[in-house]
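# sequence plus predicted model, see below.
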Amino acid sequence: MRHFGDLREFLAEVKRRGRLYRFTEPVNKETELMPLFRVETRGLPDGERRVLFFEDVRGTDGRRYVMKVAAGVYGASRDFVAWGMGCESMKESLERWHEGLTRPLEPVLVENGPVQEEVHVGGELKELGLDELPVPVEEPGFSGMLRTGMPMITKDPETGTRNVGTYNGFLRARDRMVAAVGSIHDAMVYHWSKARQRGEPLPLAIVVGCTPAVMLVGSARIPYGLDELAVAGGIGGSPLELVRCKTIPVEVPAGAEIVIEGLMSTEVAEPRTAFGEYPGYLNMEENYRPVLQVTAITHRKDAIFTPVTVGFFPSDTSAVWGFAHEAMLYHHLRYASGFPVDDVHFPECAGGSDFCVVRMRQRKGLNAWSVLQAASSVSGSKFIVLVDDDIDIRDRDALLWAMTYRVRPESDIQTVYGRSPGLDPSGSPPGTGHERMESRLAGHQYGKTLMNALRKWPYPPVALPAKEYMERALAIWAKHEDLPQPKLGEPWHGYTLGIWSEEDRQNAALITEGKYLQVGEKTARRQKPITAKMIGEE
C-alpha cells in the first residue's frame, strides 16, 4: 500500500500513471478554468479523466497569480479516490476504510511544516488576504460566489474534542468569509453551540490542498468523538503530522498547501448566494450562515489551490461523497451487522447520496428485507436496491437489467418514511427554505423506496458465450492492434444460475463440436402429436 505524506506525493503518483495534464498557457480563472474542467468531466469516461494542472492562472483584470491550480484532484475519476487511499480498486478501498475506522492512528504534533512557510496576518489580510488565492468561478454565468469546499477543523471549546467536516467557505472580503456549516453538522451541534453559550466565537481552520484521505474522512459521517484525522492516519498506515495554527488554538496537517485561520461568529450571519449543489442544480436558498473573520492565511511558498467542484455530476463532491457513503454503509452492513455484503455503491448521477445499491451473496435463511431495513436505518437515500453478487453495481446497464428482471413490483418494493429530502428540489418548491427545514426535521412525510432485486428462485443461464470462448475471442482481438481496446461490462460471459441440466450441458457441447445433427436425433425421439394446448388454441 502507498501512503501519501502530502498532496504533492499524490500528484506525482497521478502523473506517473499518465493521468495529469498541464496547461502552460494563460487561463482565466473567472471564465475559462472550470469550463475546461467541465469539458473533461462531461466529455470523457471516468477512466480517461485527468487532474488538470494550470500553471499560469490569470484573473479577468489581467492579474497573474503566483499560486497554481490543480482541478479534479479528489474526484475527477473514481480511480483517484482509490489511489488516494493507496488502493487499486474501489472494493479494496472499502476494506481499507474499515481498517482506518477500526485501527485509527492518533496524529502527532510537530514544530513546523511546509504549510507555514509563508504567514499572512494583520494588515496583510486587509491589503491582499484571500485575493492571493486563485479561487476559480465554478459555473461562470450562474455562480454568485467564490467558494472553498474543503475540510474545516474545529474543537470543542471545553474538552478539545476535534471534528473535521467538509463544508463550504464563501469568500466575501479579503479578510471575511461565510462558514456554511449546517445546523445538523457536528461542528455546529457540539462546538459552535457551546461557543455561543460561552459568548465567544469558534476558532476554525480551513485546509486547502490536503491529502485525499483527509478529504475523504472530512466528507464522511464518522461518529462524533472519533477523530477524523486519526482515521485518516489509520487509512494511510502512519500518523498524520500536525502543526499548531498561528492565531487560533487548532492543529492542521503540516503538509497541506494552504490554511485559512479564522473566528466563526456566534452573533452575526450573512446570506448565501447562488452556487452549484450535488443534485445538479443551483442552490438558490437565501439561508444565513455565520460570518468567519479571517485571522491568518498560511501556505507553502509555491502553493497549489485545489478547487472542489459540486454542481452537475460528475464532480469532486459526487465522487468523494459517494465513496464516503459507500464506505460507512459497507462497514455497518458487513462488519457491524454481519450481513454477507461485498460491495456498496452510491452513483454519482444521484449526487453520491440519494441512490444506493447493495450487493450481497445470498445465504440460506437470510431475509433480504432485514438487510434493506438495516441499510435504510443509516442511509438517507431515496432509493435503496439490493442485488445479487453476480451484478456489477457500478455498471448502470447491469443494474437496470437486475431491476427489470429480478423484481416483481407488487411484492419486491416497499416505501418507508422518515427521510430528509436534503437539497433534493423535488422535496419542496425552491424558495421555501424555512418550511423545508421544518419538514426535514420532522422527516415523517418524505419516503424512501426499498427494492429487493435478488433472484427469488433458480434462473436460466445468462445468454452470453461461456467464459472460455470469450477469453479465446479476447486473445484473438488483442492480436489486431488497429482495433480499439474493448472495455467489457459485467456480465461479459455466460454463467449458470440454477436451471441447467446435464442434458442441457451435453447439448451445448455437441453444438460447439459441430454435431447439431446428434441434437436433432435426440429431439426427434421426443416428437409428439400436436394438440390444441400445445399451439395455444385452448
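Sure, I can see it.
# residue 167 contacts residue 181, doesn't it?
Yes: using C-beta atoms under 8 Å, residue 167 makes contact with residue 181 at a distance of 4.8 Å. The C-beta positions use only the backbone N, C-alpha and C, and glycine is treated the same way.
# the two - which one has more neighbours?
Shown here are residue 167 and residue 181; by other C-beta atoms under 10 Å, residue 181 has more neighbours (25 against 21).
# mind listing what that one touches?
Applying C-beta atoms under 8 Å, 6 or more residues apart in numbering to residue 181 gives the contacts 152, 165, 167, 187-188, 192, 264, 289-290.
# which strand or helix spans the closest residue to residue 516 other than its chain neighbours?
Nearest residue to residue 516 in three dimensions, chain neighbours excluded: residue 510, at 7.0 Å (C-beta to C-beta, 6 or more residues apart in numbering). Here residue 510 sits within helix 502-512, counting by DSSP states H and E.
# ok, then the element right after that helix?
Following helix 502-512 in sequence, per DSSP H and E, is helix 516-524.
# now that following helix against helix 502-512, angle please.
Helix 516-524 and helix 502-512 meet at an angle of 150 degrees, taking axes from the mean of the first three to the mean of the last three C-alpha atoms, to 10 degrees as the criterion.
# for helix 516-524, name the packing helices and strands.
With contacts taken as 3 or more C-beta pairs under 8 Å, 6 or more residues apart in numbering; DSSP states H and E, helix 516-524 sits against helix 502-512.
# who wins for most neighbours among the contacts of residue 181?
residue 152 (28 neighbours).
# could you check how far it is from residue 417?
Per C-beta to C-beta, to the nearest Å, residue 152 is found 32 Å from residue 417.
# need the overlap of contacts for residue 167 and residue 181.
With C-beta under 8 Å, 6+ apart, residue 167 and residue 181 have common neighbours 152, 187.
# quick check: residue 483 vs residue 476, distance?
Note on residue 483: its distance to residue 476, by C-beta to C-beta, is 10 Å.
# so what does the helix holding residue 510 touch, helix or strand wise?
Counting contacts by 3+ C-beta pairs under 8 Å, 6+ apart, helix 502-512 packs against helix 516-524.
# which outside residues touch the helix it packs on?
Counting by C-beta under 8 Å, 6+ apart, 507, 510-511 sit against helix 516-524.
# of the residues you listed, closest to residue 529?
Nearest to residue 529 out of the contacts of helix 516-524 is residue 507 (C-beta to C-beta; 23.6 Å).
# residues in contact with the closest one?
519, 522.
# repeat that for residue 281.
residue 425.
# buried ones in stretch 25-42?
27-30, 32-35, 37-38, 40-41 (16 or more other C-beta atoms under 10 Å).
# let me know the average pLDDT across that stretch.
Average pLDDT, stretch 25-42: 95.
# end-to-end on it?
22 Å (C-alpha to C-alpha, to the nearest Å).
# tell me which element residue 380 falls in.
Using DSSP H and E, no helix or strand contains residue 380.
# nearest spatial neighbour of residue 299, skipping sequence neighbours?
residue 258 (4.2 Å).
# the residue nearest to residue 516: how many residues sit nearby?
Residue 510 - counted by other C-beta under 10 Å - has 16 other residues nearby.
# what does the one 5 residues further on give?
When counting by other C-beta under 10 Å, one arrives at 13 neighbours for residue 515.
# in CSV: the contacts of residue 181, plus secondary structure and distance to residue 469.
Shown next, in CSV, are these (DSSP: H, G, I helix; E, B strand; the rest coil; distance: C-beta to C-beta, whole Å):
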residue, secondary structure, distance to residue 469
152, strand, 55
165, strand, 52
167, coil, 53
187, helix, 57
188, helix, 59
192, helix, 63
264, strand, 63
289, strand, 60
290, strand, 64
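# from these, pick the one nearest residue 220.
Nearest to residue 220 among the contacts of residue 181 is residue 165, at 9.5 Å by C-beta to C-beta.
# I'd assumed residue 179 was in contact with the closest one.
No: in this structure, residue 165 is not within contact of residue 179 by C-beta under 8 Å, at 10.5 Å.
# what about residue 340, how many residues nearby?
Applying other C-beta under 10 Å, I find that residue 340 has 14 neighbouring residues.
# OK, contacts around it?
Residue 340 is in contact with 334, 360-363, 366, counting by C-beta under 8 Å, 6+ apart.
# using PyMOL, define a selection of the buried residues within these.
Buried residues within the contacts of residue 340, by 16+ other C-beta under 10 Å, are selected in PyMOL with:
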select buried, resi 334+360
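# in the contacts of residue 340, find the pair that's most separated.
It's 334 and 362 that sit farthest apart of those, by C-beta to C-beta, at 15.0 Å.
# helices along the stretch 1-150 of the chain, start to end?
7-16, 33-43, 78-84, 90-102, 123-127 (DSSP state H, counting those that start in this stretch).
# equivalent analysis for the stretch 201-350 of the chain, please.
Under DSSP H, counting those that start in this stretch, the stretch 201-350 of the chain gives helices at 212-219, 228-236, 316-330.
# of all those, which one comes closest to residue 495?
Among those, helix 316-330 sits nearest to residue 495 (C-beta to C-beta), with 24.8 Å.
# quick one: average pLDDT of that closest one?
Mean predicted lDDT for helix 316-330 stands at 94.
# in the stretch 151-300 of the chain, which spans are strands?
Secondary structure of the stretch 151-300 of the chain by DSSP state E, counting those that start in this stretch: the strands cover 151-155, 162-166, 168-173, 176-180, 202-208, 241-244, 251-253, 258-271, 275-276, 282-283, 288-299.
# now the buried residues of stretch 25-42 in TSV, with distance to residue 56?
As requested, the buried residues of stretch 25-42 are exported to TSV (distance: C-beta to C-beta, whole Å):
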residue	distance to residue 56
27	7
28	10
29	11
30	14
32	11
33	11
34	16
35	16
37	16
38	20
40	19
41	22
